[in-house]
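Colleague: sequence-free structure coming up:
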């Protein structure tokens, strides 16, 4: 699909963000984590920039990712490294910007206790 | 309801997708699964095509389904077979296209541990 | 707020629906249930009609409810009675119609196992 | 980002609301709670007013909050105090109004049983 036909938007926002500092399951699949799932259904690679917002300091970013044509990537905030790791046990929010249309969904797996908990939502497009 | 009156859209996207490879409950209702719930409230059958996107290979599909008039179907990705089964423990994303308006919602039941976890979201329309 | 000012829409859809037939907690608050939360922030009562769609039979409804002015109601599908109860362990979907703007959110509490699971989403407006 | 560029809306609604009266984990992070996450990505502080709606009495509020420029705040309904605390084990709904564009997401952590459950959704913009 070309850009005009591919589903999605150029900007998305996720107001909730929190990586639990503890886990109670084998890594990596049952490690507590938060993910930003990005779908690029178009025929060109998408350059994605994610900026993180905090409660008590200036925004951090952009974190840069390439989503190849006709691919999805499930980006784990746990693994963000450049310009700096995402602090644990700290509320944050995200703005995701792309040079081509993408679809963004937010998911958290919380395994702080013996059993895991899940939540997800399509991000806010706009 | 005729097409103009029936709620929904002709295309939807779900950026998150992952079928856990393990379960810890009696099948089928407590088996780990991921579902694409489709509602066709209109007066004509809807022909639905689902394409799956992956992190490291070309898209697979379309998977074809018919949603009869005035019916819902809760399609389990676990059961997708043609053109090929959906791999377990593998991130994917979906684009759902229909020839008539439908409403799409995404749900996962994860029963890898002793207690099940649930998540859901209305898909992205557009 | 008058109708023009009150937030919401006149029609909403929820593609996912399933009331687990078993529970593992004290009723009513930890009983497995599915709810349709409706907010009427306007200055007039809203007459709401809910129609249920199934996989293998004609739709059932409308179920009729009044949401008073400036009130919310968390309607439990478990308690729907007229024209008939909602079957357990059966996939369904809902269309919610109102004569005044309302906001609709869908929630499920699943307590089939020892620990409860939760999911929620704003319904599809349109 | 200036107001025209910042993502979000001036009004949001959340139809679901319920603070469980019991918890089964260490406070504050595993205490049962419900949060309204607000992101202000703009360059000016946002004045936010939240009004709560109930099933059987008049709305309560506004609760007033400031979200500084380029900040997020994860507001816990559990901590709302002025004009009055939010009752436990009581269904409610929220309307969030802001003088500048913000993005709102709703999350609940339920730890009434031994294991926690999570749910989230982007609020309804409009």
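Modeller: Okay, I see it. The structure presented is a predicted model; accordingly, all values stated were derived computationally and were not measured.

Colleague: From here on, just use CA atoms for contacts and neighbour counts.
Modeller: OK.

Colleague: Quick check: residue A:109 vs residue B:107, distance?
Modeller: In this view, residue A:109 and residue B:107 are 14 Å apart by CA to CA, to the nearest Å.

Colleague: neighbours of residue A:21, just the number please.
Modeller: 15 (other CA atoms under 10 Å in any protein chain shown).

Colleague: part of a helix, is it?
Modeller: No - counting by DSSP: H, G, I helix; E, B strand; the rest coil, residue A:21 is not part of a helix but coil.

Colleague: so it sits right up against residue A:89, yeah?
Modeller: Yes - if you go by CA atoms under 8 Å, residue A:21 and residue A:89 touch, sitting 5.4 Å apart.

Colleague: Partner strands of the lowest-mean-pLDDT helix or strand in chain A and their direction?
Modeller: Sorting the helices and strands of chain A by mean pLDDT, DSSP states H and E puts strand A:117-122 at the bottom, at a mean of 90. Strand pairing for strand A:117-122, determined by DSSP bridges: strand A:92-110 (antiparallel).

Colleague: Which helix or which strand is home to the residue nearest in space to the middle of chain A?
Modeller: Central residue of chain A (CA atoms, centre = their mean): residue A:36, 2.1 Å from the mean position. Element membership for residue A:36 (DSSP states H and E) is strand A:33-40.

Colleague: for that strand, packing partners?
Modeller: Applying 3 or more CA pairs under 8 Å, 6 or more residues apart in numbering or on different chains; DSSP states H and E, we find strand A:33-40 packed against strand A:60-67, strand A:71-76, strand A:92-110.

Colleague: so how far is it from its chain's centroid?
Modeller: The chain centroid and the centroid of strand A:33-40 are separated by 4 Å, computed with CA atoms, centre = their mean, to the nearest Å.

Colleague: So what are the sheet partners of that strand and their directions?
Modeller: Strand A:33-40 has these strand partners (DSSP bridges): strand A:71-76 (antiparallel), strand A:92-110 (antiparallel).

Colleague: Check what contacts the first one and list those residues.
Modeller: Judged by CA atoms under 8 Å, 6 or more residues apart in numbering or on different chains, the contacts made with strand A:71-76 from elsewhere in the structure are A:33-41, A:67, B:15-16, B:53-59, B:91-93.

Colleague: Buried only: go through those residues for me.
Modeller: A:33-41, A:67, B:15-16, B:53-55, B:59, B:91-93 (16 or more other CA atoms under 10 Å in any protein chain shown).

Colleague: Span of stretch A:46-60 from start to end?
Modeller: End-to-end distance for stretch A:46-60: 21 Å, by CA to CA.

Colleague: Quick one: check that stretch for contact with chain D.
Modeller: Yes - judged by CA under 8 Å from any CA of the partner chain, stretch A:46-60 comes into contact with chain D through A:53, A:54, A:55, A:56, A:57, A:58, A:59.

Colleague: could you redo those as a markdown table and give each row pLDDT?
Modeller: Compiled in a markdown table, the residues of stretch A:46-60 next to chain D are given as follows (pLDDT from 0 to 100):
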| residue | pLDDT |
| --- | --- |
| A:53 | 98 |
| A:54 | 98 |
| A:55 | 98 |
| A:56 | 97 |
| A:57 | 97 |
| A:58 | 98 |
| A:59 | 98 |
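
Colleague: Give me the subset of these lying in strands.
Modeller: Mapping these onto strands (DSSP state E) picks out A:53, A:54.

Colleague: Also near chain B: which of the residues of stretch A:46-60 next to chain D, exactly?
Modeller: Near chain B, by the rule CA under 8 Å from any CA, you find none of these.

Colleague: Chain C: which of the residues of stretch A:46-60 next to chain D is nearest?
Modeller: residue A:53 (23.8 Å; CA to the nearest CA).

Colleague: Please tell me I have it right and the closest one contacts residue A:59.
Modeller: Yes - using CA under 8 Å, residue A:53 is in contact with residue A:59, at 4.6 Å.

Colleague: Give the residues shared as contacts by these two.
Modeller: What both residue A:53 and residue A:59 touch, as defined by CA under 8 Å, 6+ apart, is the set D:70, D:71.

Colleague: Measure how buried residue A:79 is and give me the count.
Modeller: 13.

Colleague: Next one, pLDDT for the nearest residue to it once chain neighbours are set aside please.
Modeller: Excluding the flanking residues, the one nearest residue A:79 by CA to CA, 6 or more residues apart in numbering or on different chains is residue A:85, at 7.3 Å. pLDDT, residue A:85: 97.

Colleague: residues near residue A:85, how many?
Modeller: 12.

Colleague: Secondary structure of it: a helix, I assume?
Modeller: No - assignment of residue A:85 by three-state DSSP gives coil, placing it outside any helix.

Colleague: wait, it sits on residue A:63?
Modeller: No - at 10.1 Å, residue A:85 does not count as touching residue A:63 under the criterion of CA under 8 Å.

Colleague: Looking at residue A:20 now. What's its pLDDT?
Modeller: In this model, residue A:20 carries a pLDDT of 80.

Colleague: Need phi/psi at it.
Modeller: Note on residue A:20: its backbone torsions stand at phi -60, psi 140 [degrees, to the nearest 10].

Colleague: And for it, the neighbour number?
Modeller: Close neighbours of residue A:20, defined as other CA under 10 Å, add up to 22.

Colleague: who are the neighbours in contact with the residue nearest to residue A:87 when sequence neighbours are not counted?
Modeller: Using CA to CA, 6+ apart and skipping residues adjacent in sequence, the residue nearest residue A:87 is residue A:19, 7.7 Å away. Residues in contact with residue A:19, defined by CA under 8 Å, 6+ apart, are A:32, A:33, A:34, A:77, A:78, A:87, A:88, A:89, A:90.

Colleague: swap in residue A:92?
Modeller: A:15, A:16, A:17, A:18, A:52, A:53, A:54, A:55, D:72.

Colleague: ok, now residue A:110?
Modeller: A:20, A:23, A:31, A:32, A:33, A:116, A:117, A:118.

Colleague: one more time with 7 Å, if that's ok
Modeller: A:20, A:32, A:33, A:116, A:117, A:118 (CA atoms under 7 Å, 6 or more residues apart in numbering or on different chains).
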